[in-house]
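> Predicted structure and sequence below. I'll ask about it afterward.
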Amino acid sequence: MGMGTYSSVVDVAVPAPHSINIQNGLIACFTTALFVYYCNFVRKSKRNKQLDDKTRRRKIPGPGQHFLGAVANILALRDETKALKVIENWCERYGPVFQLNFGPYNVTALNCPEYVQKLLGSKDTNHLSKGFIYKPFHAFWYDGILTSAGEKWKSRRRILEKHMFSFKTLVSYMDIFNEQGDTLVQAIEERLKDEKEVGLCPLLLDSSLNSIINAIFGKRLPDLESSSNAKFSFMEGMCRAKELMAKRIMTPYLLNDLIYKLHPFSKVQKFLNKLARKHVITGILDESVEPLMNHDEQRRHNILKRELAAAGVSLEGIYEETMTLLGAGFDTTAHSIDFLLFFLALHPHHQKICRDEVDVIFEDVDLCTSGALQFQALSKLKHLEMCVYETLRLLPAVFLIMRKIDAPLQLEEDLEIPAGSEVAVFVPGLHKNPKYFPDPDKFIPERFSPEQSNNRHPYVYIPFAAGPRKCVGYKFAMMEMLSLTAKLLRSFEWETTDRFEDVVFLPHITYTPKTPINFLFKKRSVTNN
Ligand code: HEM
């Protein structure tokens, strides 16, 4: 979400003067709401204790297992610049399973591949619903495939897999990634005229949002923004929505509907929702706004709308899936590319191996025609692919996965997580476990060579999750990361003045650098066939 680029959600302050009237009545309402929240908290704590006594036979350790633990844990995570490190430390300290009270929520964290497989690999529909942290997502993406469950989730997922992410459709996206790669190269060249150091985050966010909009609708960001006539850009709205979601998750009393309704954040949410609707309905879902399209784009044109409508999904349903795909796919991929370029800058030796690999491809007319990478070229980028995997191991954009289980989850003979529990997987807990990845903080792409990864447990490395709810866009994201980085490797060499240990990552739904990572690019002189 490029927080160095976009100002904080608190200063959105867009719905200005009359919001002050609301705040006058707010203090009285807030006291009432706090009381309701407290009652709810006591009720839930009692219920959790009953569940514990009834079903668990083994005592599970964890931070804050005392009278004020729920509050102590909130305080421990309050500083967002340290929150990710705090959870990493808990994972290291408490081992394969631990218990965590977070305000009124009692969370069981699974932290070893065997247990994680039991949860994420389960096909039992009672284990597929999402946990409480997804509540703020509903406010913006409604009940789209990321948050929905049951039959609705199953049928929509089937449609997306069949029509948007099938092998044939994925191959047709290569023209999008080529176009975005060339645009990115040009944009960097432009920036180099005035600036020595370039932060790529805003360019990458634009690029990945464009890729998804083009893939789903055969349109581009300017099509969407010019037709809607809104003052705030769509991108700015999306970034602020994510920041607001993150703030709500980290402040659990805001997950209470009554308190949230009275809080100024809900006003900001309404404003952002109105903005998104304006952009998306008039800019992309409205067929009367016809963009300029090439042949592939015409074939794909409004693929999501067409296929969902054919399955009887209403316009509202199409809107929620559109927002879900745009929201789930844009900053995850953009930040991952930013991190990959950062690691390649910090490790010039790996950058060189990747560039040599890319040069061979660009000089082969079957794999790269007139500078356009062909789909089959991507499978030749072996070292680059390992670098992508290693980047996603060290900085998995989606660091937390949660389920609310509606049936007990048996982990061991004497260890059962009761129905109704909130169960979490903190991805870096697995990815940084030295038992599976020796020297876990080091960037060593060779860990993902076939020889080194063949015997690894399949649930120890899960940047795209795993099992039935694995990321539906993971192949799309991999293609995008490989193609864009290949284009950059062909056109530039780069370094960075930043040190890894100085970059602060914030838990803003996805791993987000607090300030932009800066690059020093040097243009290469190469001519493409
Ligand atoms: C590097 C890029 C990406 C990463 C690391 C990533 C990671 C993930 C993870 C870990 C999940 C599981 C979340 C959970 O169960 O709570 C997920 C789900 C999802 N992702 Fe991605 N993702 C990426 C890119 C994309 C892209 C490009 C799209 C769409 C174009 C996308 C769409 C989705 C959707 C719709 C889901 C929900 C799937 C379901 O619940 O059935 N993601 N992603």
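In hand now; what should we look at?

> tell me the SS of Val107?
strand (DSSP: H, G, I helix; E, B strand; the rest coil).

> who's in contact with it?
Taking CB atoms under 8 Å, 6 or more residues apart in numbering, we find Val107 in contact with 99-101, 131, 402, 422-424. Heads up, the C-betas are built off the backbone N, CA and C, glycines and all.

> now, which of those sits nearest Ala149?
Gly131 (11.3 Å; CB to CB).

> Looking at the residue nearest to the closest one when sequence neighbours are not counted now. What's its pLDDT?
Using CB to CB, 6 or more residues apart in numbering and skipping the chain neighbours, the partner closest in space to Gly131 is Met402 (3.1 Å). In this model, Met402 is scored at 96, pLDDT.

> Then Tyr105?
88.

> I figured it was touching Gln99, is that so?
No - in this structure, Tyr105 is not within contact of Gln99 by CB atoms under 8 Å, at 11.2 Å.

> How about the backbone phi and psi for the residue nearest to Gly131?
phi -140, psi 150 (degrees, to the nearest 10).

> give me every residue that touches the residue of the stretch 251-400 of the chain found nearest the ligand.
The ligand sits closest to Gly329 of the stretch 251-400 of the chain, with a gap of 3.0 Å, by CB to the nearest ligand atom. Contact analysis of Gly329 by CB under 8 Å, 6+ apart lists 208, 212, 473, 476-477.

> any idea which of those residues is closest to Lys352?
Nearest member of those to Lys352, counting by CB to CB, is Ala477, at 25.0 Å.

> Please settle this for me: is the closest one part of a helix?
Yes - per three-state DSSP, Ala477 lies within a helix segment.

> how near is the nearest residue to it once chain neighbours are set aside to Asp414?
In space, and not counting its chain neighbours, Ala477 is closest to Thr333: 4.8 Å by CB to CB, 6+ apart. Counting by CB to CB, to the nearest Å, the gap from Thr333 to Asp414 is 42 Å.

> Who has more neighbours out of the two?
Ranked by neighbour count (other CB atoms under 10 Å), Thr333 and Asp414 place Thr333 first, with 27 against 9.

> Strands of the stretch 1-150 of the chain, residue ranges please.
97-102, 105-110 (DSSP state E, counting those that start in this stretch).

> just the strands in the protein please.
97-102, 105-110, 198-199, 368-369, 372-373, 400-404, 409-412, 415-417, 422-426, 492-495, 505-508, 510-513, 518-523 (DSSP state E).

> any chance of those strands in TSV, plus distance to the ligand?
Conversion of the strands of the chain to TSV gives the following (distance: least, CB to the nearest ligand atom, whole Å):
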stretch	distance to the ligand
strand 97-102	17
strand 105-110	13
strand 198-199	19
strand 368-369	23
strand 372-373	18
strand 400-404	4
strand 409-412	16
strand 415-417	17
strand 422-426	9
strand 492-495	20
strand 505-508	14
strand 510-513	8
strand 518-523	19
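
> OK, contacts around Val460?
113, 430-431, 433, 436.

> same thing but 6 Å
113, 430, 436 (CB atoms under 6 Å, 6 or more residues apart in numbering).

> Phi first, then psi, for the last one.
Here is the backbone geometry of Tyr436 (degrees, to the nearest 10): phi -100, psi -30.

> what's the nearest residue to it if we skip its chain neighbours?
For Tyr436, the spatially nearest residue (CB to CB, 6+ apart) is Val460, at 4.6 Å.

> Can you get me a residue count around Trp214?
Residue 214: Asn, not Trp. The burial count for Asn214: 24, using other CB under 10 Å.

> Setting the sequence-adjacent residues aside, check what's closest to it.
Ile176 (4.8 Å).

> Count the neighbours of whichever residue of the stretch 51-200 of the chain sits closest to the ligand for me.
Of all residues in the stretch 51-200 of the chain, Leu146 sits closest to the ligand, at 4.1 Å by CB to the nearest ligand atom. The tally of other residues near Leu146 (other CB under 10 Å) stands at 21.

> Give me the pLDDT for the spatially closest residue to it that is not a sequence neighbour.
Distance criterion CB to CB, 6+ apart; nearest residue to Leu146, sequence neighbours excluded, is Thr324 at 5.0 Å. Listed pLDDT for Thr324 reads 94.

> do the same with Glu92
Glu92 is assigned a predicted lDDT (pLDDT) of 95.

> quick one: it and Tyr173, what's the gap?
Per CB to CB, Glu92 is found 40 Å from Tyr173.

> Contacts only, for the residue nearest to Leu146.
Neighbours of Thr324 in contact, by CB under 6 Å, 6+ apart: 141, 144-146.
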